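Asks: sequence? don't have it. structure:
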């Protein structure tokens with residue numbers, strides 16, 4: 001099936017690429033949307049070839065991750081400040097890098113139609129991983145754009161009962177008019193992965209047994225689905241202001257004064273865990289063991305947000321903008337008993353109000369201070385107050401940027417942390433809100449040959465909720481402090497570059513274990529030959545100190561605290577050759593070749609080793625007409 005899909009997408013791209021079109025200057029603008037209040041945030045088009053081989057969703061998430069070793073896997077970052085939530089659904093957190101949400105959509109404005117097809121593959125014979133991406137977007141006129149994306153990934157995995165598949169597709173469009181602008185997107189995500197419960201023998205990697213024949217603990221399957229529809233639109237009132245173009249001409253430019261906005265988002269997420277023969281040995285409790293079991297949990301969200309923005313462009317004297325907004329969300333939570341009887345079916349509603357004071361224009365100082373609070377619903381009393389202050393100034397021939405950030409959050413626990421029923425786990429809790437305070441800073445100083453980026457942060461968490469050794473949620477009684485320093489220091493000459501990322505972390509409690517030091521280094525050579533062929537070849541390494549990495553619980557997809565087995569102290573080395581020829585990028589890499597000569601301790605979590613040494617390759621082709 002994947003071969004037919006690849007041929008079809010390639011044919012579509014080629015037909016579009018060679019269609020007869022008049023010569024038009026090629027320009028592409030791309031942007032994402034931010035969280036409430038929704039704003040457009042420019043991003044660079046994904047056309048750079050440097051480091052293209054380092055492209056897996058898990059690698060892009062963080063430099064250190066806990067996962068089952070496969071390309072598609074439930075995953076949790078080992079870097080505390082890289083952990084995040086995309087949706088208001090507990091069981092979605094483990095799939096964050098693979099799920100396309102409205103805020104992940106890239107919007108385009110192009111002078112010519114743009115399409116891209118990408119294919120990546122790797123792995124040993126009969127255990128391959130195949131990844132196909134396709135995008136097509138075009139403008140109907142200078143204001144209206146639409147596009148489609150398709151993303152399919154199939155990874156057999158190097159170990160038994162590990163196969164996983166992911167599909168993500170979207171339709172998107174945008175309109176940017178003088179007074180009216182709009183963004184719309186619909187998306188479908190499906191993901192399924194077999195659950196093997198990890199290797200039975202912790203020393204199996206040192207045996208002569210082939211990886212696919214190593215004994216595993218479990219035969220089950222998990223599935224996740226996320227469907228969403230999104231529409232954001234704004235109408236601006238403003239004035240015409242004369243602007244001097246040159247010495248001889250003046251143009252009138254529309255300057256927005258007040259913008260009224262509305263956002264509608266409807267999404268549904270569901271998690272399923274299936275056992276044909278429920279395992280009574282792997283789990284402490286099994287309520288039904290005589291029939292096939294399918295544990296299901298899902299949530300439906302309907303969210304409406306209205307906002308009013310007083311634009312900073314209008315006011316010449318008070319150089320800032322202000323936004324006030326109100327949001328209502330209606331949610332339906334449900335989960336099924338092992339015999340597929342629907343239970344826990346409950347509708348809830350929440351309403352919050354908030355505001356932001358910001359200055360996004362200016363030469364030296366920019367800032368954003370805001371907050372919101374829930375006034376109604378089961379989240380009553382939850383609030384988030386946050387602020388960012390950015391200063392830029394010249395230092396020599398370059399610009400240094402210093403950012404200060406802080407927030408105070410009072411967060412209601414996820415519904416499914418409070419209530420859940422399945423074949424292996426059942427709980428009804430009355431957890432109180434989690435209180436977080438954070439203060440941090442960032443210093444960036446990019447120069448021609450050295451790029452320095454230092455981030456430091458301190459967070460205090462009160463009433464932290466975690467999953468214990470038994471796989472059930474527990475609320476910590478007291479405070480936990482997390483201190484982190486994240487340093488990136490890159491050196492670059494005419495043909496050589498060395499990228500370095502060092503992260504130090506400290507946690508004051510054993511219920512939040514973190515590796516003390518995590519490293520990533522990437523040494524490579526790059527050049528251009530015959531004026532058209534760009535090349536890059538190098539070696540990268542990731543490493544973190546040993547610590548009590550989490551246990552993975554397949555039935556719930558959660559990462560559980562343990563204090564028996566440490567994981568780490570393994571330098572994972574990979575080599576790659578990377579090329580860029582006109583509109584084509586292609587690479588060949590050899591992943592984890594350090595497993596050929598170092599002790600075989602390349603575990604990501606207890607029982608879950610990363611892939612052994614395997615070859616990977618990929619090609620990406622852009623079409624601009």
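Replies: Yep, that arrived. It should be emphasised that the depicted structure is a prediction, and the values quoted were computed from it without experimental measurement.

Asks: am I right that residue 335 is in contact with residue 298?
Replies: Yes - at 7.5 Å, residue 335 and residue 298 qualify as touching, with contact defined as CB atoms under 8 Å. In short, each C-beta sits where N, CA and C put it, glycine included.

Asks: which element is residue 585 on?
Replies: strand 584-591 (DSSP states H and E).

Asks: helix or strand right after that strand?
Replies: Following strand 584-591 toward the C-terminus (DSSP H and E): strand 603-605.

Asks: now do the helix or strand immediately after that following strand in the chain: distance to the chain's middle.
Replies: Downstream of strand 603-605, the next assigned helix or strand under DSSP H and E is strand 608-609. The chain centre lies 22 Å from the centre of strand 608-609; the measure is CA atoms, centre = their mean, to the nearest Å.

Asks: who's in contact with strand 608-609?
Replies: 67, 68, 69, 159, 198, 199, 205, 552, 600, 602, 603 (CB atoms under 8 Å, 6 or more residues apart in numbering).

Asks: what helix or strand is residue 119 located in?
Replies: strand 114-122.

Asks: that strand versus strand 584-591: what angle between them?
Replies: 20 degrees (axes from the mean of the first three to the mean of the last three CA atoms, to 10 degrees).

Asks: what pairs with the following helix or strand past strand 114-122, parallel or antiparallel?
Replies: Proceeding N to C from strand 114-122, the next assigned helix or strand is strand 129-139, under DSSP H and E. Strand 129-139 has these partner strands in its sheet, going by DSSP bridges: strand 114-122 (antiparallel), strand 144-155 (antiparallel).

Asks: and strand 129-139, how far out from the chain middle?
Replies: So, by CA atoms, centre = their mean, the centroid of strand 129-139 is 18 Å from its chain's centroid.

Asks: flag every buried residue along that strand.
Replies: 129, 130, 131, 132, 133, 134, 135, 136, 137, 138, 139 (16 or more other CB atoms under 10 Å).

Asks: same question for it, mean pLDDT?
Replies: Throughout strand 129-139, pLDDT has a mean value of 96.

Asks: tell me where the stretch 401-550 of the chain has helices.
Replies: Ranges of helices in the stretch 401-550 of the chain, per DSSP state H, counting those that start in this stretch, are 415-418.

Asks: give the contact list for the spatially most central residue of the chain.
Replies: Nearest residue to the geometric centre of the chain (CA atoms, centre = their mean): residue 97, 4.1 Å. The contact partners of residue 97, by CB under 8 Å, 6+ apart, come to 57, 58, 60, 61, 75.

Asks: where in the stretch 101-250 of the chain is pLDDT low?
Replies: 244-245, 247-248 (pLDDT under 70).

Asks: quick one, strands of it?
Replies: With DSSP state E, counting those that start in this stretch applied, the stretch 101-250 of the chain shows strands at 107-110, 114-122, 129-139, 144-155, 164-176, 180-195, 220-244, 250-275, listed in chain order.

Asks: of all those strands, which one is nearest residue 359?
Replies: The closest of these to residue 359 is strand 250-275. By CB to CB, the value is 15.7 Å.

Asks: partners of the helix or strand just after the closest one, with directions?
Replies: Remark: after strand 250-275, the chain's next helix or strand is strand 293-310, criterion DSSP H and E. Applying DSSP bridges, strand 293-310 is found paired with strand 250-275 (antiparallel), strand 321-336 (antiparallel).

Asks: winner for burial among the strands paired with strand 129-139?
Replies: strand 114-122 (a mean of 22; mean count of other CB atoms under 10 Å).

Asks: what's the closest non-adjacent residue to residue 321?
Replies: residue 312 (3.5 Å; CB to CB, 6 or more residues apart in numbering).

Asks: residue 546: which of the contacts of strand 608-609 is nearest?
Replies: residue 603 (10.3 Å).

Asks: tell me what the helix or strand in which residue 356 is found is packed against?
Replies: Using DSSP H and E, residue 356 maps to strand 342-359. Packing partners of strand 342-359 (3 or more CB pairs under 8 Å, 6 or more residues apart in numbering; DSSP states H and E): strand 321-336, strand 365-376, strand 419-421.

Asks: quick check: mean pLDDT across that strand?
Replies: Computed over strand 342-359, the average pLDDT equals 88.

Asks: tell me the angle that strand makes with strand 365-376.
Replies: Using the same axes, to 10 degrees: strand 342-359 against strand 365-376 is 150 degrees.

Asks: give the buried residues for strand 342-359.
Replies: Applying 16+ other CB under 10 Å to strand 342-359 flags 350, 351, 352, 354, 355, 356, 357, 358, 359 as buried.

Asks: so what sits opposite the second one in the bridge?
Replies: When bridges are assigned using DSSP bridges, the partners listed for residue 351 are residue 328, residue 376.

Asks: now do the last one
Replies: On the basis of DSSP bridges, residue 359 is bridged to residue 367.

Asks: and for residue 457?
Replies: residue 440, residue 484.

Asks: do the same with residue 164
Replies: Beta-bridge partners, per DSSP bridges, of residue 164: residue 155, residue 193.

Asks: give the contact list for it.
Replies: So, once contact is read as CB under 8 Å, 6+ apart, residue 164 ends up touching 70, 71, 72, 73, 153, 154, 155, 157, 191, 192, 193, 194.

Asks: reformat these as TSV; add distance to residue 385.
Replies: Supplementary listing: the contacts of residue 164 in TSV, determined by distance: CB to CB, whole Å:
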residue	distance to residue 385
70	40
71	39
72	37
73	35
153	39
154	44
155	42
157	44
191	35
192	40
193	38
194	43
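
Asks: contacts only, for residue 329.
Replies: Contacts of residue 329 (CB under 8 Å, 6+ apart): 88, 301, 302, 303, 304, 349, 350, 351, 377.

Asks: apply 10 Å and report the result again.
Replies: 88, 265, 301-305, 348-352, 374, 377, 379 (CB atoms under 10 Å, 6 or more residues apart in numbering).

Asks: which of these sits closest to residue 102?
Replies: Using CB to CB, the contacts of residue 329 come closest to residue 102 at residue 265, 6.1 Å.

Asks: now do that closest one against residue 41, distance only.
Replies: Residue 265 is 17 Å from residue 41, where distance means CB to CB, to the nearest Å.

Asks: and these two? Which one has more around it.
Replies: residue 265 (22 against 10; other CB atoms under 10 Å).

Asks: the more buried one touches residue 229, doesn't it?
Replies: Yes - counting by CB atoms under 10 Å, residue 229 is a contact partner of residue 265 at 7.2 Å.

Asks: need the residues touching each of the two.
Replies: Joint contacts of residue 265 and residue 229 (CB under 10 Å, 6+ apart) are 102, 185.

Asks: output the lowest mean pLDDT helix or strand found in this structure.
Replies: The helix or strand of the chain with the lowest confidence, counting by mean pLDDT, DSSP states H and E, is helix 2-17 at a mean of 50.

Asks: and after it, which helix or strand comes next?
Replies: strand 28-33.

Asks: and that next one, which residues are buried?
Replies: Buried, per 16+ other CB under 10 Å, within strand 28-33: 28, 30, 31, 33.

Asks: out of the residues you listed, who's nearest residue 513?
Replies: residue 33 (35.1 Å).

Asks: between residue 335 and residue 298, which is the more surrounded one?
Replies: A direct count of neighbours by other CB under 10 Å for residue 335 and residue 298 places residue 335 higher, at 23 against 18.

Asks: now that one: how far from residue 471?
Replies: For residue 335 relative to residue 471 (CB to CB), the value is 16 Å.

Asks: now residue 410
Replies: For residue 410, the distance to residue 471 - CB to CB - is 27 Å.

Asks: before we move on, the earlier item: closest to residue 498 out of the strands of the stretch 101-250 of the chain?
Replies: Short answer: strand 114-122, nearest of these by CB to CB, at 25.7 Å.

Asks: that closest one vs strand 28-33, what angle?
Replies: Using the same axes, to 10 degrees: strand 114-122 against strand 28-33 is 70 degrees.
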